[in-house]
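Engineer: whatever this is, show me its structure:
(4 chains)
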There are 2 protein chains.
Amino acid sequence: MSTLSRARISDVAALAGVSTSTVSRALSNPDVVKPDTRARIRDAIAALGYVPDGSARALALGRGRMVGAIVPTLDNAIFARAVQGLQTTLSSSGYQLLISAHEYNPAAEIEVVRALLERAVDAIVLVGIDHAPQTFELIRASRVALLLMWTYPGQAQHGDENVAPVIGFDNREIGRLAAQHLLELGHRRFGVISGFMRQNDRARQRVEGFRQTLAEHGIRLPEANVVEQPFGYEGGRAGLKLLMQLRPAPTAVFCGNDVLAMGCLFEAQGRGIDVPRQLSIVGCDDLPIASQITPSLTTVLLPTYDLGVHAARAVLHWMKNDAMPESECLPIELVVRGTSGPPAV
Amino acid sequence: MSTLSRARISDVAALAGVSTSTVSRALSNPDVVKPDTRARIRDAIAALGYVPDGSARALALGRGRMVGAIVPTLDNAIFARAVQGLQTTLSSSGYQLLISAHEYNPAAEIEVVRALLERAVDAIVLVGIDHAPQTFELIRASRVALLLMWTYPGQAQHGDENVAPVIGFDNREIGRLAAQHLLELGHRRFGVISGFMRQNDRARQRVEGFRQTLAEHGIRLPEANVVEQPFGYEGGRAGLKLLMQLRPAPTAVFCGNDVLAMGCLFEAQGRGIDVPRQLSIVGCDDLPIASQITPSLTTVLLPTYDLGVHAARAVLHWMKNDAMPESECLPIELVVRGTSGPPAV
DNA sequence: CTGAAAGCGCTTACAG
DNA sequence: CTGAAAGCGCTTACAG
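Structural biologist: Below you'll find the predicted structure:
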């Protein structure tokens, strides 16, 4: 306890009067060690405050029991919840989570991936399928498992081969659900507030699903009616400002996520626009605030915590069986609340 | 590229026609390697997709360039933002963040700490000063740097010695600012909605500061007027329900954080209580939503992103100079908005 | 049930 | 400017 350096397995072995092999076995495979030898080792460990050195262990074992995850940002409840689901699930199986954010800077991602690969991660989890080719190549060359989340269809394609399993939602269906709901209410003039779609397959697909469903009902969504804004309440506000300058103005707005939708709602309230009487708003995510606010937000519920849990389970399964897990598409659902209603006549 | 296992430094050395020592130097200290040797090595690395093995490197170097952080939960914007600040700052100096949450289960913390210590972390960051003695002992025995955040005063005391530097806020001052503001408005009957105070020094100190300031003005805050609730909108709602059963009912409520304050506001709105005419509410954190909602929330602004940045800088400084950094107390400020006003007469 | 020894993939004095 | 060799702290066949 009073030596200058951290206790090593040899210190424990010396104190317990056994070899380091036996200490190692007592730790990783206790059953094969005689009970009272085990007890002496346990006492020595406690006396020394011994904690095994992870890098040595990882080097000997060839795996570090860590998973690296890269998300756009933690500063959005939706990613924070998914990360929480990942972390909790991994942790309960002895894996630790290394987390990084690239703040929607795709160029940064490759460096973040490299940093993770240099830290003994056994798997990497990324958001979406839009990633630089070098990112995929580096991960493949490193022989590290790769899982993509938040998106679906089946295996992500990259060139000719299946690059990685994906666990996520049908993002086109999100736009479809929103469009159907608004069409049924009788709306005919629409606006969309989306995050930036470049390098963001989820955002793109949500808008595509929305647009396509309108098209199937004979309604064209002009480019000008789709505005891209940075995520955040301010983005939602700015988005509505732009949409309200259109002539004729839309009677219904689909927002790519709840933060944009809330911003849109705040802007409407600030302008004295009656929601949903004069304007309907549909969001996506179902953040906790969505059901609390007045009027409560009509939105598409995405089970993001579950998403993290499922992604973690897939990774754990992969590590355990050395077999690529199945892709998964989690169910989503439209939740109709107070911000949507028939258009004013 | 088509071998079954990941490229090692010896593969790079062979391909470049040099020794592993030279490859290693080219990577960590390029200046001492002849330019065209360096170029051959660079090409070999690219051709093989070589990424150094972090566990081997960490073992040889004695440090893993990772920092472990444990927060109560990521599912609260306030922790997510601090983690984001930590991560961004560490990452830009070549350190990676290992993150865990204990979900307010103090018994879980020791195991989480152990899991982190077993992964070659060079430092550990914890929230608050309330931790099990074994947690402190284990970290000390592991010779890993420890930093506490979110709390202040000076060095955290544990037994007789300074256990760790702390970087945070004066949590008593938070309660004091709220009390002063409400007293000046003319309130005399108060309620408090707090998170659970056991094992949460921040929550305790906020309430203490509030109570003490009232006492200095001759007002006693009865135990029954302080309700503890789980964090979350529902907790805030439940808290106000309880406070409203008091006779006489409080005219002003101080909430331990903005999530509780928002829940309190939603409950008031649901009951037709006019805020701030019939009830004043003061929160803490200044979440982005606080200024957007109607009425906007009077709250104490805590610079939590900065907190993460400062904590990361302190850790980096510690790693670089091998000297314990100074403790820091970050400035906070009361932001008066729409949920506070004079009591009804 | 236990120990001696080799090996995991790096780094770094040391010698040239 | 470069290479041979030892060492970081573990694990695990192998032998007993």
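
Engineer: element containing residue A:97, please.
Structural biologist: Element membership for residue A:97 (DSSP states H and E) is strand A:96-101.

Engineer: that strand to strand B:96-101, inter-axis angle?
Structural biologist: If you take axes from the mean of the first three to the mean of the last three Cα atoms, to 10 degrees, strand A:96-101 sits at 120 degrees to strand B:96-101.

Engineer: so whichever residue of the stretch 201-345 of chain A sits closest to DNA strand C versus residue A:148, what's the distance?
Structural biologist: Using Cβ to the nearest atom of the strand, the single residue of the stretch 201-345 of chain A nearest to DNA strand C is residue A:322, 16.7 Å away. All C-beta atoms are positioned from the backbone trio N, CA, C, and that covers glycine. From residue A:322 across to residue A:148, the span is 19 Å (Cβ to Cβ, to the nearest Å).

Engineer: same check, this time on residue A:56
Structural biologist: 32 Å.

Engineer: the two: which has the busier surroundings?
Structural biologist: residue A:148 (25 against 16; other Cβ atoms under 10 Å in any protein chain shown).

Engineer: which residues in the stretch 101-250 of chain A form helices?
Structural biologist: Counting by DSSP state H, counting those that start in this stretch, residue ranges of the helices within the stretch 101-250 of chain A are A:106-117, A:133-141, A:171-185, A:201-216, A:233-244.

Engineer: dump these to JSON lines, plus mean neighbour count and distance to residue A:313.
Structural biologist: Conversion of the helices of the stretch 101-250 of chain A to JSON lines gives the following (neighbours: other Cβ atoms under 10 Å in any protein chain shown; distance: least, Cβ to Cβ, whole Å):
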{"stretch": "helix A:106-117", "mean neighbour count": "19", "distance to residue A:313": "20"}
{"stretch": "helix A:133-141", "mean neighbour count": "18", "distance to residue A:313": "20"}
{"stretch": "helix A:171-185", "mean neighbour count": "22", "distance to residue A:313": "22"}
{"stretch": "helix A:201-216", "mean neighbour count": "21", "distance to residue A:313": "21"}
{"stretch": "helix A:233-244", "mean neighbour count": "22", "distance to residue A:313": "33"}
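
Engineer: could you export these as TSV, including mean pLDDT and distance to residue B:114?
Structural biologist: Listed next are these as TSV, based on pLDDT from 0 to 100; distance: least, Cβ to Cβ, whole Å:
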stretch	mean pLDDT	distance to residue B:114
helix A:106-117	90	23
helix A:133-141	93	29
helix A:171-185	98	40
helix A:201-216	97	37
helix A:233-244	98	40
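
Engineer: okay but residue A:164 is in contact with residue A:147, surely?
Structural biologist: Yes. Residue A:164 sits in contact with residue A:147 when judged by Cβ atoms under 8 Å, with a separation of 6.0 Å.

Engineer: then the strand holding residue A:97 to CSV, C-alphas only?
Structural biologist: In CSV, the C-alpha atoms belonging to strand A:96-101 read as follows (Å, rounded to 0.1, in the frame of the first residue of the first chain):
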residue,chain,number,x,y,z
GLN,A,96,-16.7,-0.8,-21.2
LEU,A,97,-17.8,2.0,-23.6
LEU,A,98,-15.4,4.4,-25.2
ILE,A,99,-17.3,7.3,-26.5
SER,A,100,-16.5,10.0,-29.0
ALA,A,101,-18.5,12.7,-30.8
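
Engineer: tell me the mean pLDDT over that strand?
Structural biologist: The average of the pLDDT scores along strand A:96-101 is 92.

Engineer: can that strand be found next to chain B?
Structural biologist: Yes. On the criterion Cβ under 8 Å from any Cβ of the partner chain, strand A:96-101 is in touch with chain B at A:96, A:97, A:98, A:99, A:100, A:101.

Engineer: that strand - contacts with which helices or strands?
Structural biologist: strand A:66-71, helix A:77-91, helix A:106-117, helix B:77-91, strand B:96-101 (3 or more Cβ pairs under 8 Å, 6 or more residues apart in numbering or on different chains; DSSP states H and E).

Engineer: looking at these, which is closest to DNA strand D?
Structural biologist: Of the helices and strands packed on strand A:96-101, nearest to DNA strand D by Cβ to the nearest atom of the strand is strand A:66-71, at 15.2 Å.

Engineer: dump the residue contacts of the closest residue to DNA strand D within the stretch 101-250 of chain A.
Structural biologist: Nearest to DNA strand D, among the residues of the stretch 101-250 of chain A, is residue A:120, at 12.1 Å (Cβ to the nearest atom of the strand). For residue A:120, the contact set (Cβ atoms under 8 Å, 6 or more residues apart in numbering or on different chains) comprises A:55, A:58, A:63, A:64, A:66, B:53, B:54, B:55, B:58, B:120.

Engineer: same thing but 7 Å
Structural biologist: A:58, A:64, A:66, B:54, B:55 (Cβ atoms under 7 Å, 6 or more residues apart in numbering or on different chains).

Engineer: okay but the first one is in contact with residue B:55, surely?
Structural biologist: If I follow you right, that is residue A:58. Yes. Counting by Cβ atoms under 7 Å, residue A:58 touches residue B:55, with 3.6 Å between them.

Engineer: intersection of neighbour lists for the two?
Structural biologist: Common neighbours of residue A:58 and residue B:55 (Cβ under 7 Å, 6+ apart) are A:64, A:120.

Engineer: in chain A, where is pLDDT below threshold?
Structural biologist: By pLDDT under 70, the low-scoring segments of chain A are A:1-3, A:154-162.

Engineer: enumerate the residues of it near DNA strand D.
Structural biologist: Residues of chain A lying close to DNA strand D by Cβ under 7 Å from any atom of the strand are A:5, A:8-10, A:20-21, A:23-25, A:27-29, A:50, A:52-53, A:56-57, A:59-61.

Engineer: among these, which ones are in strands?
Structural biologist: Among the residues of chain A next to DNA strand D, no member is found in strands (DSSP state E).

Engineer: list only buried entries from those residues.
Structural biologist: A:8, A:9, A:23, A:24, A:25, A:27, A:50, A:52, A:53, A:56, A:57, A:59 (16 or more other Cβ atoms under 10 Å in any protein chain shown).

Engineer: also near chain B: which of these, exactly?
Structural biologist: Among these, proximity to chain B is found for A:52, A:56, A:59 (Cβ under 7 Å from any Cβ of the partner chain).

Engineer: can you pull the contacts of the second one?
Structural biologist: This points to residue A:56. Applying Cβ under 7 Å, 6+ apart to residue A:56 gives the contacts residue B:59.

Engineer: quick one: it from residue A:98, how far?
Structural biologist: Taken as Cβ to Cβ, the span from residue A:56 to residue A:98 is 19 Å.

Engineer: next one: residue A:235
Structural biologist: 29 Å.

Engineer: could you dump the contacts of residue A:120 to CSV with neighbour count?
Structural biologist: Listed next are the contacts of residue A:120 as CSV, based on neighbours: other Cβ atoms under 10 Å in any protein chain shown:
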residue, neighbour count
A:58, 27
A:64, 26
A:66, 25
B:54, 25
B:55, 27
